[in-house]
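In: Predicted model follows, preceded by the sequence.
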Amino acid sequence: MKATNAGRLQPLGKAGSPSAECTIITGGLTVAGGIGRKVVMKILPDITDSKSASYADESAIGRTMPFKTYQYSENRTIGWTAHFVVERAEDVREIFENLRVLESCVYPENLSLGDATYRPPPICQLRCGLLLGSASTPVYAVMKSYSVKFDTSVPWDQDTFMPFKLDVDMQFDVVYNQTELPGSSQILNDLGPGIRG
């Protein structure tokens, strides 16, 4: 797939092809339930996906090195850099809305002043072709941080000062249902239909 056609960007996800999207869900409901916002990437995001395991050293008499005892696995962390580019005048408003949706993911949900409880920030659903998640199963994650740089080396909209190119760096920790924690066999068998021979 070409990134451009006659100089114009070819958005991801056209004609039934996989898309890259970040769906923001509040209150544990789905977008179909009416609560939630979807931010669809038109440009392939920069993604890093990392996880590590923790081992303890156990010493024993007569060994030249200690035993390695598996303790636990660390958080699976995902870095996602979204790229937004203004091509048409209406893109400015859409990018502003997407930016505000992404920024809201690190803030707790607003409650009435008389309510002593609080609700944490929303759970995000991440999907990017077969790199992250699949068509039926997204990766569920909480946003730990975001960083946005408003670049002055590109043209900008004179009414809003929105630069015509914008990058948003986000860091996520993946979360799992307690009864569906992944194991190595699940990861090994997690191939998309286009990859299985």
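Out: That came through, no problem.

In: where do the strands sit along the protein?
Out: 4-5, 8-9, 20-25, 37-41, 46-50, 53-58, 67-73, 77-85, 123-128, 139-150, 165-174 (DSSP state E).

In: I figured residue 145 was touching residue 102, is that so?
Out: No: in this structure residue 145 lies outside contact range of residue 102 using C-beta atoms under 8 Å: 11.2 Å. C-beta: built from backbone N, CA, C; applies to glycine.

In: In a markdown table: the strands of the chain, plus mean neighbour count and mean pLDDT.
Out: Below are these laid out as a markdown table (neighbours: other C-beta atoms under 10 Å; pLDDT from 0 to 100):
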| stretch | mean neighbour count | mean pLDDT |
| --- | --- | --- |
| strand 4-5 | 8 | 56 |
| strand 8-9 | 10 | 60 |
| strand 20-25 | 22 | 62 |
| strand 37-41 | 18 | 81 |
| strand 46-50 | 12 | 93 |
| strand 53-58 | 10 | 92 |
| strand 67-73 | 10 | 90 |
| strand 77-85 | 18 | 93 |
| strand 123-128 | 22 | 86 |
| strand 139-150 | 16 | 92 |
| strand 165-174 | 19 | 93 |
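
In: Nearest to residue 107, out of these?
Out: strand 139-150 (9.8 Å; C-beta to C-beta).

In: Could you figure out how far that closest one is turned away from strand 165-174?
Out: Interaxial angle, strand 139-150 versus strand 165-174 (axes from the mean of the first three to the mean of the last three C-alpha atoms, to 10 degrees): 150 degrees.
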